[in-house]
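> Pasting the sequence and the predicted model now:
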Amino acid sequence: MYNSLSSRRSFIKKMAKLSAMTAAATMFPGILFASEQEAGIPDSANLDWKKGPCRFCGVGCGILVGVDQGKAVAVKGDPNCSVNKGLLCVKGYHQIMCTQAKDRLTHALVKKNGRYVQTPINEALDIVANKMKETIEKHGKDSVAMYTSGQSTIPEGYVASKLMKGAIGTNNLDCNARLCMASAVAGFLTTFGADEPMGCYEDIDHADYFITWGNNMAEMHPVLFSRMLEQKNRRGAKIIDFATRTTRSSTASNKSILFEPQTDLAVANAICYEIINNGWVNKSFVENHVNFSKGLTNMGYGVEDKYNFKDKPTKIDFEAYKKFLEDYTPEKVAKYSKVSVKDIKYLAAIYGDPNKKVVSYWCMGMNQHTRGTWMNNLVYNIHLLTGKISQPGNGPFSLTGQPSACGTAREVGTFTHKLPKGVVTNEKHRRLAAKIWKVPYERIPAKPTYHATEMFRAVDRGDIKFIWTQVTNPLVSLPKTSRYRPGMEKDSCFVVVSDVFPTPTSDVADVILPASWHIEKSGLYGNSERRTQHWDKMVEGPGETTPDAWMTIEIAKRMGYGDLFPYSEENHVEEIYNEYRQFHEGAKHGMAPLEVLKKESGAIWPYVDGKSTQWRFNAKYDPACSNDKDFHFYGKPDGKAVIWQRPYEPAAESPDTEYPFWLNTGRVIEHWHTGSMTRRIPVLHKAMPEAYVEFHPDDAKKLGVRNGEKIKVSSRRGSCVLPASINERGLPTRGQVFVPFFDENMLINDVTLDAFCPISKEPDYKKCAVKVEKA
Amino acid sequence: MPIKSYLAHPQEGKKEDLIKALSELKECEVMPATNEDVLVVVTDTLDDASEDILKEKIEKIDSLKLLAMVSGFNSPQN
């Protein structure tokens, strides 16, 4: 009895503490409580603090993990890491707790007669290799596929690419970064001919204005947002939040501007119109460093299987571009964007003021957009017209969602069209890959095959007969899971899932391979600011858990490709990284040697002559600039960036009489993506135990909906029942509902639409039409 | 047996003083924010009268600028 009350009392104290922490977080976004994490450290602990990057999000905070007698017992921010300067967010502090979850996958499981049977790892790897080989022999190499992750380490992505493209000879490799960053990649490539941001986080210390485009940084990138708030308080820097929903970021900003979903395209054009109309164009920058182009329009939305699109760029001149913008006067755009003329002019005046430094930040709001590539182009247009780019405190900056979306997915190239350097369609790039991989050049196919959405459509159609997913949970994260879950359950496809915990994806697997978690293996990530970060294995994983890279190598060996994968189990991370670095040799993308990364909290590429390059394309900072001018956009053959003429086009699906609400989906600060890790961290799970559907209070009143009441959200694809949330975490605009996607018990992606940007092939999770009714 | 949580805001430059003063009160658990001038305070007292006395003591601390209650729970006596 006494114990029970004591435990109840201790629970109540925790709840009281948590309530206060939550309240503090509302007042001070990004607030940190380091002592909370240290409270669990035993007094006698003689901790060995080991350096690494955080497992969650793309910011790439440096962490120090306290290890006591082979067990990770604490995490603190690394004060020597310039990314976070010792700060961490609530997920960061508690990350290691997930490894203690009782349902951890510790051994391989093989489905036999409808039941999972614990199987020795070597036997399970034999089964996977034999099945993959047999499928290729029977149905051809394009019948097998791998689907990996922006959370895969650099070596994991590299060996997956080498196995699929170099050894087997298929481009059936894509990754979940397609769902979050592909539009940023396509935007960078079309505008600059080179991927990834030109600036770095130090921009925060120099900018006068931060304009966030559809980006709730207070919850998604809290440490960076804290750094921005610090500048706001210390120097009077201003934060302008431009979004479709009022969030913690909006309330902490100097100004919040709301827009109608999809009309960000028009507002960006209106800003450019104003910049030109008011004579704020940086003429010498534009004349020296910019070309103008237009592409195809009315591209469609990719909702049909085997949809195909290729843009056809045409050069235009400044006058034609100026004429095009006449359709985007603030007065015209205000009518459908619901952004006032005054606010459009206000935004334009900030960008147009030559004495103000401006950084634009964005993440999923602009990328998960059926015109995501265009949206990225349009924000670059603003910075190029004003010459506010590639300088400390001035620049466009797309943030990543995952810890190695840049380092692995984009730089190693775990997309169907990519190679570690360049693309499969380029003969020179294929020849380089063949040389480094020591495979016949002809083996690497020149044509991309399936991007993520199409890959799972191919599984559903029966075209892909073997799929191996690593470090990702597509049956929670894909759009329109109402189609892809039954697709994966079909007997026509053999499903292998490598993961740390059971998920709805592993539920449909034929073989489940037990993966090592982050600190149980060595690895490298690459964060949003081109920083490559290394860590050494800190603790042993339980049971037969194995690093993903090593499992891929073991499969390759079993399939007869051992000569291409001559790595040792003890040093494979180092051996792979050293091989991979060869792809990026040179001033434009040189990567730091491993010995540097072991000592420092990361280095920013291009790493040239022992130095990180913080601002690319600016001759003052970037040794790769070679045109004898102040700026050199060397990703393009003529050294000039491109201003793209991109119009406003409506969303793939808009509210109508039958489905009258916009559905917007996203994340919450407590949970990492599909929640497979953070929902196993008690303090985070208690803080946010389940998903919800957020209403504008006027809509809730009209529908007679009360807080907590069960609501059925339905679309033409499927439905999901969730509790209502009114005036709690966020406030959607009238006519819009918002649902976070972390909760595997409330699968909102059964409802979303698998429409995507025709150029980047990234789906739009932010806009589809739904109806809401009491369940 | 009330358990309550508060946000305690220190006077400018007095965060450390406030942490020290609150930590000396045995019914208080203090958790300072790492990067902001605010403290989470959880109080655990025998009854409402003790809670009132404690609150008075806290409010007399010179380094305290503002004490804002966030939540209050009552736990059965053991």
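Received the coordinates, thanks.

> Return the backbone torsion pair for B:Lys26.
Torsion angles at B:Lys26 (phi, psi; degrees, to the nearest 10) stand at phi -70, psi -20.

> Next: the one 5 residues further on.
Torsion angles at B:Met31 (phi, psi; degrees, to the nearest 10) stand at phi -130, psi 100.

> residues touching the closest residue to chain B within the stretch 651-775 of chain A, list them.
When scored by Cβ to the nearest Cβ, the stretch 651-775 of chain A has A:Val683 as its residue closest to chain B, at 12.7 Å. Backbone N, C-alpha and C define where each C-beta goes, glycine included. If you count contacts by Cβ atoms under 8 Å, 6 or more residues apart in numbering or on different chains, A:Val683 has them with A:14, A:18, A:90, A:94, A:97.

> For the helix or strand A:Lys13 falls within, the averaged confidence score.
A:Lys13 is part of helix A:2-27, with elements assigned from DSSP states H and E. Averaged across helix A:2-27, the pLDDT comes to 69.

> cool, and stretch A:305-321?
The average pLDDT within stretch A:305-321 is 97.

> buried stuff in that stretch?
Going by neighbour count (16 or more other Cβ atoms under 10 Å in any protein chain shown), the buried part of stretch A:305-321 is A:307, A:311, A:316, A:318, A:321.

> still on that earlier bit, now do the phi/psi pair for the residue of the stretch 651-775 of chain A closest to chain B.
Torsion angles, degrees, to the nearest 10, at A:Val683: phi -60, psi -30.

> Give me the contacts around the helix or strand hosting A:Val128.
Taking DSSP H and E as the definition, A:Val128 sits inside helix A:121-139. Helix A:121-139 is contacted by residues A:107-110, A:119, A:143-144, A:168, A:465-466, A:468, A:494, A:496, A:510-511, A:513-514, A:544, A:546, A:551, A:554-555, A:558-560 when judged by Cβ under 8 Å, 6+ apart.

> how close does the closest residue to A:Asp507 other than its chain neighbours get to A:Thr469?
Distance criterion Cβ to Cβ, 6 or more residues apart in numbering or on different chains; nearest residue to A:Asp507, sequence neighbours excluded, is A:Leu475 at 7.7 Å. Separation of A:Leu475 from A:Thr469 (Cβ to Cβ, to the nearest Å): 9 Å.

> Residues that sit against both of these two, list them.
A:Thr505.

> ok, back up a step: can you list the buried residues in the helix holding A:Val128?
A:121, A:124-125, A:127-129, A:131-133, A:135-136.

> what comes into contact with the host helix or strand of the residue nearest to A:Asp507?
Counting by DSSP H and E, the element that carries A:Leu475 is helix A:474-477. Applying Cβ under 8 Å, 6+ apart, the contact partners of helix A:474-477 are A:147, A:176, A:179, A:452, A:456, A:481, A:484-485, A:488, A:503-505, A:507-508, A:673-676, A:741, A:744, A:747, A:749.

> ok so B:Val40 is a strand residue?
Yes. When DSSP: H, G, I helix; E, B strand; the rest coil is applied, B:Val40 is found to be in a strand.

> Relative to A:Glu670, how far out is it?
17 Å.

> again with A:Gly543
If you measure A:Gly543 against A:Glu670 using Cβ to Cβ, the figure is 28 Å.

> cool, and A:Gly372?
The value you get for A:Gly372 to A:Glu670, if Cβ to Cβ is used, is 27 Å.

> the more surrounded of these two?
Between A:Gly372 and A:Glu670, A:Gly372 has the larger neighbour count (other Cβ atoms under 10 Å in any protein chain shown), namely 30 against 26.

> any idea of the mean pLDDT for stretch A:558-577?
Across stretch A:558-577, pLDDT averages out at 98.

> Between the two ends of stretch A:142-156, what distance do you get?
Start and end residues of stretch A:142-156 are separated by 21 Å (Cα to Cα, to the nearest Å).

> pLDDT on it, on average?
Here the average pLDDT along stretch A:142-156 is 98.

> Ok, stretch A:483-492 next?
Stretch A:483-492 carries an average pLDDT of 97.

> what's it in contact with?
Here stretch A:483-492 has contacts from A:456-457, A:459-462, A:465, A:467, A:474-475, A:478, A:493, A:495, A:504-505, A:508, A:717, A:750, A:754, using Cβ under 8 Å, 6+ apart.

> How about stretch A:384-392?
In contact with stretch A:384-392 (Cβ under 8 Å, 6+ apart) are residues A:191, A:198-199, A:202-203, A:205-206, A:272, A:275-276, A:280-282, A:284-286, A:289-290, A:351-352, A:354, A:357-358, A:380, A:382-383, A:394-396, A:614-618, A:621-622, A:631, A:641, A:643.

> With stretch B:20-32 instead?
Contact partners of stretch B:20-32, identified using Cβ under 8 Å, 6+ apart, comprise A:13, A:17, A:21, A:33, A:35-36, B:8, B:15, B:19, B:38-45, B:50, B:54, B:57-58, B:61, B:63-64.

> Filter the residues you listed down to the buried ones, ChimeraX style.
Remark: buried members of these, expressed as a ChimeraX selection using 16+ other Cβ under 10 Å:
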select /A:13,17,21,33,36 /B:8,15,19,38,39,40,41,42,43,44,45,54,58,61,63,64
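
> Okay, and which of the contacts of helix A:474-477 map to helices?
Members of these lying in helices (criterion: DSSP state H): A:452, A:456, A:481, A:484-485, A:488.
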